[in-house]
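Peer 1: could you work out the structure for the sequence below:
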Amino acid sequence: MRFKVNVSGKGDKVVSVDGNEKLLGELLQEIAETFGIDMDNVISVRFGYPPQTVKINDESIVRPLEDIGLSSGEKIGVTLKNDNDMSNISPQNKQNNGEVALKDNQSSFVADDGVKWILQQHVVPDDNSCLFHAISYCMYKDISLSKGLRERVAKEIMQDKETYNEAILGKAPRLYMDWILQKDSWGGGIEIAILSKVLNVAVYVLDIDALKFEKFNEDKYDEFIIILFSGVHYDAIESTTKKTVFNVKTDEAFCQMVLACSLEIATKMKKGGKSFNSQKANIVCNICHKTFMGEREIAKHAESTGHTDFGQA
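Peer 2: Just a heads-up that it's a prediction; the model follows:
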């Protein structure tokens, strides 16, 4: 059996195991040897579509690969424990006192255990799919799954037309489904709420202009991700060790520091002019070059012309 394996920071490699009755632990051992990592540092593996995650513990490592759903040719993503290794930071990025010089899109805090964490903005492509990219990156470290997230939204809408009715969507469910499947269609609150439910994770949207969070399903899920919203674009929040999913039940104090640190990043970005109020700002259509005031005028223009490429005037 052959697998294409990705380990964060170490790239992709092909890993092979002999036989069809191998256990997950045996595959992990091969992965550890191939990448030169400690098997004990592996906390989960993800694979399949829609992606599923298997946490590594005493029970899962003795399960046959076939029972888990792993078959030859599968692409596997491996998540490691955060080791907070700062050795990859170049000398020119350090201050004289040895501290790391933070960028405008970074902020740091020291956790209760004395470990220093650095949070930062992770920029995703600005191609009208940025919301899906940001959520896909937070969940899977892989924006190639963004198209699949659009499809999950469309599927949920068609399966629950009572909840997602014309009054909520602004158009018939079938028309909305066809629209959101288009790669140029912007996602917003409806899509965030649906994906939060589908992925079993709360989504905290940090509005850079308003400097506040809009929290989707925080009362339902302990785990949450943070995405930044500039007014026209979404990005992800991550630590420098690529941690993007946080658990308020596991460590509430840590999560409060994460939220405060994220707000500091948003404050820096707002001061740097990297946000605007989409309700008041002038927005230009990059296709016909007409200028509009606020989201409502944009929506009307997009509906009547099919234009979907907008930017700040």
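
Peer 1: over to the residue lying closest to Asn105 once chain neighbours are set aside. Which of the three states is it?
Peer 2: Excluding the flanking residues, the one nearest Asn105 by Cβ to Cβ, 6 or more residues apart in numbering is Gln121, at 3.9 Å. Using the backbone N, CA and C atoms, a C-beta is placed for each residue, glycine as well. Taking DSSP: H, G, I helix; E, B strand; the rest coil as the rule, one finds Gln121 in the strand state.

Peer 1: tally of neighbours for Gln121?
Peer 2: Close neighbours of Gln121, defined as other Cβ atoms under 10 Å, add up to 23.

Peer 1: what pLDDT is listed against it?
Peer 2: Looking at Gln121, its pLDDT is 95.

Peer 1: then Gln52?
Peer 2: Confidence for Gln52, expressed as pLDDT, is 75.

Peer 1: for the closest residue to it other than its chain neighbours, what are phi and psi?
Peer 2: Excluding the flanking residues, the one nearest Gln52 by Cβ to Cβ, 6+ apart is Arg46, at 6.7 Å. Torsion angles at Arg46 (phi, psi; degrees, to the nearest 10) stand at phi -130, psi 150.

Peer 1: element containing the residue most central in space within the chain?
Peer 2: Centroid-nearest residue in the chain, with Cα atoms, centre = their mean: Cys138, separated by 2.2 Å. Under the criterion of DSSP states H and E, Cys138 resides in helix 130-140.

Peer 1: find the helix or strand that the residue nearest to Tyr137 when sequence neighbours are not counted is a member of.
Peer 2: With sequence-adjacent residues excluded and distances taken as Cβ to Cβ, 6+ apart, Tyr137 is closest to Ala236, at 4.8 Å. Ala236 belongs to strand 234-239 when assigned by DSSP H and E.

Peer 1: what pairs with the next helix or strand after that strand, parallel or antiparallel?
Peer 2: Using DSSP H and E, the helix or strand that directly follows strand 234-239 along the chain is strand 246-247. If you go by DSSP bridges, strand 246-247 pairs up with strand 223-229 (antiparallel).

Peer 1: shaky segments in the stretch 151-300 of the chain?
Peer 2: 275-282, 293-300 (pLDDT under 70).

Peer 1: so what are the domain limits for the protein?
Peer 2: 2-80, 118-271, 282-312 (automatic domain parsing).

Peer 1: and the ones you listed as JSON lines, adding distance to Ser108?
Peer 2: Listed next are the domains of the chain as JSON lines, based on distance: least, Cβ to Cβ, whole Å:
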{"stretch": "domain 2-80", "distance to Ser108": "20"}
{"stretch": "domain 118-271", "distance to Ser108": "5"}
{"stretch": "domain 282-312", "distance to Ser108": "29"}
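
Peer 1: pick the most deeply packed of the ones you listed.
Peer 2: Counting by mean count of other Cβ atoms under 10 Å, domain 118-271 has the highest mean neighbour count of the domains of the chain, with a mean of 18.

Peer 1: start to end distance for it?
Peer 2: 20 Å (Cα to Cα, to the nearest Å).

Peer 1: next one: stretch 271-284
Peer 2: OK, stretch 271-284 end separation, Cα to Cα: 22 Å.

Peer 1: residue contacts, the residue nearest to Asn105?
Peer 2: 105-106, 228, 235-237, 265, 269 (Cβ atoms under 8 Å, 6 or more residues apart in numbering).

Peer 1: one more pass at 10 Å, please.
Peer 2: Neighbouring residues of Gln121 by Cβ atoms under 10 Å, 6 or more residues apart in numbering: 103-107, 208, 228, 230, 235-238, 262, 265-266, 268-269, 274.

Peer 1: can you tell me how far Val201 sits from Pro173?
Peer 2: From Val201 across to Pro173, the span is 25 Å (Cβ to Cβ, to the nearest Å).

Peer 1: let me know the angle separating whichever helix in the chain runs longest from strand 234-239.
Peer 2: Identified as the longest helix of the chain according to DSSP state H is helix 252-271. Orientation check (axes from the mean of the first three to the mean of the last three Cα atoms, to 10 degrees): helix 252-271 against strand 234-239 gives 130 degrees.
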